[in-house]
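Colleague: next comes the sequence, and after it the predicted model I'd like to discuss.
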Amino acid sequence: MKYEVIIGLEIHIETKTNTKMFSSASSLFDAPANSNVSVVDMAFPGTLPTVNKKAVQNAIMLGHALNMEIDDELHFDRKNYFYSDLPKGYQITQQRRPIGSNGYLDIYVNDTKKRIRIERIHMEEDTAKQIHLGEVTLIDYNRAGNPLVELVTEPDLRSADEAMAFVEAVREIVTFLEISDGKMEEGSLRCDVNISLRPVGVSKFGNKVEIKNMNSISNIGKAIETEIKRQSELLDKGLEVESETRRYDDALKDTITMRKKDESVDYRYIPEGNILPISLSKEFIDATIREMKELPSVKRERYFEEFKLNAHEVNILLQDKDLTSYFDEAARDVKNYKTLINWVIGEFSSYLNKEGKNAKSVALSPQNTSKLVNLIDNGTISNSQARELFAHIIETNEDPEIKAKALNLMQVSDTDFILSVINEVINENLNVIDDIKAGKDRAMGFLVGQVMKKTKGKVNPALASKLMKQEIDKR
Amino acid sequence: MNKEEIRKLAAEILITLTPEEEATFAAEFAYFKELAKLLEALPNIDEKEPMVFPFKVTQTYLKEDTPEESPGAKEILKNSKNAKDTFVVIPKVVK
Amino acid sequence: MRYLGLTMAELHELYVSGKATPLDVVNEVIEALTKDKNNILEKTMYDEARSMAQSLTKVEKDNLLWGIPFLVKDNIAMKGIETTGSSNILNGFIPLCNAEVIDKLLAAKAIPVAKTTLDEFGMGGRGETGHKGITYNPYGKERTRIVGGSSSGSASGVASGYVPFAVGSDTGDSIRKPASFAGLVGFKPTWGEISRFGLFAFMPTLDHVGFFTRSVSEARVLFEKTRGYDKKDATSVMNVPFKTEKDATLKGKKVAVLEPIFALMKNKLLIKEFHNLVDKLRQAGAVVDFVPFDKDLLAAIFPTYFILSCAEANVSNACLTGIGFGNKEEGASYEEIVANTRGKGFSSRIKYRLMLGQYALKKENRNEYYDRAQKARRLIVEAVDKVLENYDVIMLPAAPNHAPTVDKQSEPHSEIENNFMAIANFGGNPSLTLPYFLDEGLPLGVNLTGKPFDDFNVLNIALKIEEITGLYNLHAGLKS
């Protein structure tokens, strides 16, 4: 590549709380319009902001997960501008003293680890929602004041893949910590991209272009690719890239100019005089961190080191937080992690997909799943018997051991019985024996298959194979 | 300050001015500049730490995350002349 | 007119002895208010007041505020009562909840009777700029003198004797200056002591809720009743141990007079009376010193106040757009609606202040304006703290003269002596003005400013000064 791509990201995360960042109205904005709005949210004169403890705890947890220094005092500022979705005419944010600073997140692109530095995370409040209908705009203040955390990276990212990996890693963290839904398509995770190009070897940064309006991680990748192309073409022609804000258009799969950035907006920041600095004690911060849910990176390490899962298995698992929780619980009682993971990402996930269910809403408890898996492991039931048993108990949550006995789905491991069936099969297929002895090993499978057919799949296939080979060698 | 700058300043904070107000503002602004000069006279003023709050006190209160009932759309919007049903309605906003 | 011009204690005595009921008193207050000629009223609450008065049947013997009628400055929210900030942009605005101070007074069974005029949104010092026009001082010839601002209506109403107290607010001297012009006790406690929830914000770190009374002990009663931590106000101060004072005495008290400010006084009677007071304080065992103070810092007080408050008023009032609430004007777009609403609803004076404030905050200017003013604030507060390290209070005439007539503007270059009380807003110091003499029937006040959280000490010293002057429960004479 002639050009080095410099990318920085600004990510806004809606954090999960019951109430708003600075008021006690419910933060549930998916409610009838303007039903969760307090006098504070409407910016009535004389109303005052108060700081939400849970929102602060969410930010502390995120800061800790991102290896940041957590400020022990909360300071807030006002970012001033006029807009119809901003009741106070300013947004309360943290400009001078972000709650988290100087952190990093390691990402993996093509198995290469790269450390991305994070400049800051800070708390702020969301704006009202606007619905544009024909000639009018409807304003719903339910969302106004909801807690947000803004994350700003250093310009350490160098490609679309790295950017996507970073956003995915952040999404993973916030969902596993249960501090956000992290859904770009729903707006609980929003990402703005800042991108510039410079010729390789040159140290001066090119002009930065800001890209907004991407509603999925893959769109982030697409937007970056098209912007790299656009900027490269300009630079190839010897033209300058103008500093501007562009929006990604999903229909065009391209970015278009939103506004030129000749003068950056002057937000005239002043300190928030309605909130005295709030001390965060070491005990409070430590307790918050102690109560954190397990980080995906910690889980990853456990899966690789302790459970000996492979990368593919780990990735599938971690893509679905509820599946991970289910797996972790089942793993407590299971004998063989491999069998469990195969089961979970195989049969279990198929069921979830087919039924449109989520691991949290499944009736079959993790404990019973691990029992089922243990039955497979110790040969009590075969894989196909396990599938049949699963179908019976998935919605009733009956104990698999008891149900298997009741349905007579146990695998036969009685050697004498198996041998008798094997010999029966051999006698019925003497010509095949000749093939095997001539070196055609595939016929082995056919013969074992016949044993399974005769026993309606009840025989342990591994055992049948072993014994089959043994009998054939005798002949 | 010239008329153009005055109009621009008023536009920044979304207020309209009458011609008389435009004319009077120049004098107000001149006085304002004079006042600022008196700050300049303070020795080493720019090295001083800005003061935000009158004194230092230790605050620890953080609001519990327990919702309080909201007044409801009708009540909370009753002071808005733009309210229709449960929304505030304005001419379409261009981003 | 048996119940007007009485103190809380006197009314309380009447209630306890059964000689009067709250309804008796409220009816008389209402009658007097309807006849008031000084233009002090915003929205009245006569029906609500009568209703509340009627509901008070069991006298609370230990509660001096029981059944006491009062006035409220119209920048303090009251549920269901139109509250305008004396600005047309909020005509018709009805708050959904009470200010915390109001809730506390209601809980004490005091009876709010009417909202009073102010300089629009608290910006002004003469009481002339509210949307109802000039509010007059009941002292002097009828309707000839200003009462000062911004808490003009509250001051005028208490000085007329209608009610024993009124709630006001003070951002630069808006209680303590009109108190001087109206012969009242005007008390602004330490910042954060009385919750600001419900007080329309002007500049949050300078804004205070306070009171007008006609005696120091009544100010103390109100302070004790309304102070205290409010979790709805994140600047409500928690956990600061309060120093309670034993009996009030002047023995051993140390009083500092800032010499360079006093030197600016020209009114000979004022100077004489002030020295008189100093002598009496010394006789009572107080130490009174005339101390130096940096002249450049003094000159910086008003600029610091004006620049900061214009900038912050600009921000505090950015919510007034007519969109979610407010007296909306028509427009074809969001911007037009807002600009027309603000253009029509704000007075010229407010517009100038907001524009100056905007100028002071712009990137290219803020170094020399807003940022520098914040730095100057620290310098001034440090200098005041330094004086108070060795003294209980700073004492000075609250104003260089009695209330001027409406046509008389301030002397040129008199910013220092007219605005120095802002130091108590910069530092959040408790500060109280009380009358100390009458100049041909026109009152003049002296101001005491103490250390943050030393409110009771300031109240006690004021109490002793009140004993010395004998100027207790002054009012302008009740016209029948």
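Modeller: Thanks, I have it.
Colleague: quick one: the strands in the stretch 1-150 of chain C?
Modeller: With DSSP state E, counting those that start in this stretch applied, the stretch 1-150 of chain C shows strands at C:41-44, C:69-73, C:111-116, listed in chain order.
Colleague: list the neighbouring strands of the first one plus their orientation.
Modeller: According to DSSP bridges, strand C:41-44 has the following sheet partners: strand C:111-116 (antiparallel).
Colleague: quick one: average pLDDT of the strand it pairs with?
Modeller: Averaged over strand C:111-116, pLDDT sits at 98.
Colleague: can you give me how far it is from the chain middle?
Modeller: The offset between the C-alpha centroid of strand C:111-116 and the centroid of the whole chain comes to 16 Å, using C-alpha atoms, centre = their mean, to the nearest Å.
Colleague: burial measure for residue 31, as a count.
Modeller: In the absence of a named chain, chain A is used. Number of residues near A:Ala31 (other C-beta atoms under 10 Å in any protein chain shown) recorded here: 14. C-betas here are computed from N, CA, C, even on glycine.
Colleague: was after chain B, sorry
Modeller: Taking other C-beta under 10 Å as the neighbour definition, B:Tyr31 ends up with a count of 13.
Colleague: quick one: the most centrally placed residue in chain B from chain A, how far?
Modeller: Centrality entry for chain B: nearest residue to the mean C-alpha point is B:Ile13, 7.9 Å, by C-alpha atoms, centre = their mean. Between B:Ile13 and chain A the distance, using C-beta to the nearest C-beta, to the nearest Å, works out to 8 Å.
Colleague: centroid-nearest residue for the chain?
Modeller: Defaulting to chain A. For chain A, the residue sitting closest to the mean C-alpha position, by C-alpha atoms, centre = their mean, is A:Glu172 at 3.5 Å.
Colleague: ah, no, chain C please
Modeller: Geometric centre of chain C, nearest residue: C:Ile175, 1.9 Å, by C-alpha atoms, centre = their mean.
Colleague: identify the residues contacting that one.
Modeller: The contact partners of C:Ile175, by C-beta atoms under 8 Å, 6 or more residues apart in numbering or on different chains, come to C:151, C:155, C:168-169, C:186-188, C:208, C:210-212, C:433.
Colleague: same thing but 10 Å
Modeller: When contacts are counted by C-beta atoms under 10 Å, 6 or more residues apart in numbering or on different chains, C:Ile175 is found next to C:73, C:148, C:150-151, C:154-155, C:166-169, C:184-188, C:208-212, C:421, C:431-433.
Colleague: please apply the same query to A:Tyr303.
Modeller: Applying C-beta under 10 Å, 6+ apart, one finds that A:Tyr303 lies in contact with A:296, A:309-311, A:313-314, A:317-318, A:324, A:327-328, A:331, A:337, A:341.
Colleague: among those, which are in helices?
Modeller: In helices, defined here by DSSP state H, the members of these are A:296, A:311, A:313-314, A:317-318, A:324, A:327-328, A:331, A:337, A:341.
Colleague: out of the residues you listed, the closest to C:Asp385 would be?
Modeller: A:Pro296 (52.1 Å; C-beta to C-beta).
Colleague: I figured that closest one hits A:Glu178, correct?
Modeller: No - shown here, A:Pro296 and A:Glu178 do not form a contact pair, counting by C-beta atoms under 10 Å, at 11.9 Å.
Colleague: report the set of residues contacting both of the two.
Modeller: Overlap between the neighbourhoods of A:Pro296 and A:Glu178 consists of A:Lys321, taking contacts as C-beta under 10 Å, 6+ apart.
Colleague: between those two, which has more neighbouring residues?
Modeller: A:Pro296 (22 against 14).
Colleague: pLDDT weak spots in chain B?
Modeller: Along chain B, the parts satisfying pLDDT under 70 run over B:95.
Colleague: ok, which stretches of it are strands?
Modeller: Listed in chain order, the strands of chain B (DSSP state E) span residues B:83-84, B:87-91.
Colleague: before we move on, what about the stretch 301-450 of chain C?
Modeller: Using DSSP E, counting those that start in this stretch, the strands found in the stretch 301-450 of chain C span residues C:393-397, C:431-439, C:442-450.
Colleague: quick one, the last one and strand C:393-397 angle?
Modeller: The one in question is strand C:442-450. 160 degrees (axes from the mean of the first three to the mean of the last three C-alpha atoms, to 10 degrees).
Colleague: check the second one too.
Modeller: Orientation note: strand C:431-439 sits at an angle of 30 degrees relative to strand C:393-397 (the same axes, to 10 degrees).
Colleague: quick check: which ranges of chain A have low pLDDT?
Modeller: In the predicted model of chain A, residues A:1, A:261-263 satisfy pLDDT under 70.
Colleague: now do 80
Modeller: Counting by pLDDT under 80, the ranges of chain A that qualify are A:1, A:29, A:259-264, A:408-414, A:439-441, A:457-458, A:460, A:475.
Colleague: which residues touch the closest residue to A:Ser23 other than its chain neighbours?
Modeller: The spatial neighbour of A:Ser23 that comes closest, neighbours along the chain excluded (C-beta to C-beta, 6 or more residues apart in numbering or on different chains), is A:Val40 at 3.8 Å. For A:Val40, the contact set (C-beta under 10 Å, 6+ apart) comprises A:20, A:22-25, A:46-50, A:87-88, A:144-145, C:197, C:232.
Colleague: next one: A:Val40 from B:Gln59, what distance?
Modeller: Here the criterion is C-beta to C-beta, to the nearest Å. By it, A:Val40 lies 18 Å from B:Gln59.
Colleague: swap in C:Ile380?
Modeller: If you measure C:Ile380 against B:Gln59 using C-beta to C-beta, the figure is 24 Å.
Colleague: same thing with C:Thr341?
Modeller: Relative to B:Gln59, C:Thr341 is positioned 36 Å away (C-beta to C-beta).
Colleague: also C:Lys79?
Modeller: Distance from C:Lys79 to B:Gln59, counting by C-beta to C-beta: 28 Å.
Colleague: settle it for me: which of these two has more neighbours?
Modeller: When C:Lys79 and B:Gln59 are compared for neighbours, B:Gln59 comes out ahead with 20 against 15, by other C-beta under 10 Å.
Colleague: pretty sure the more buried one sits against A:Ser281.
Modeller: No - counting by C-beta under 10 Å, B:Gln59 does not reach A:Ser281; the two are 11.8 Å apart.
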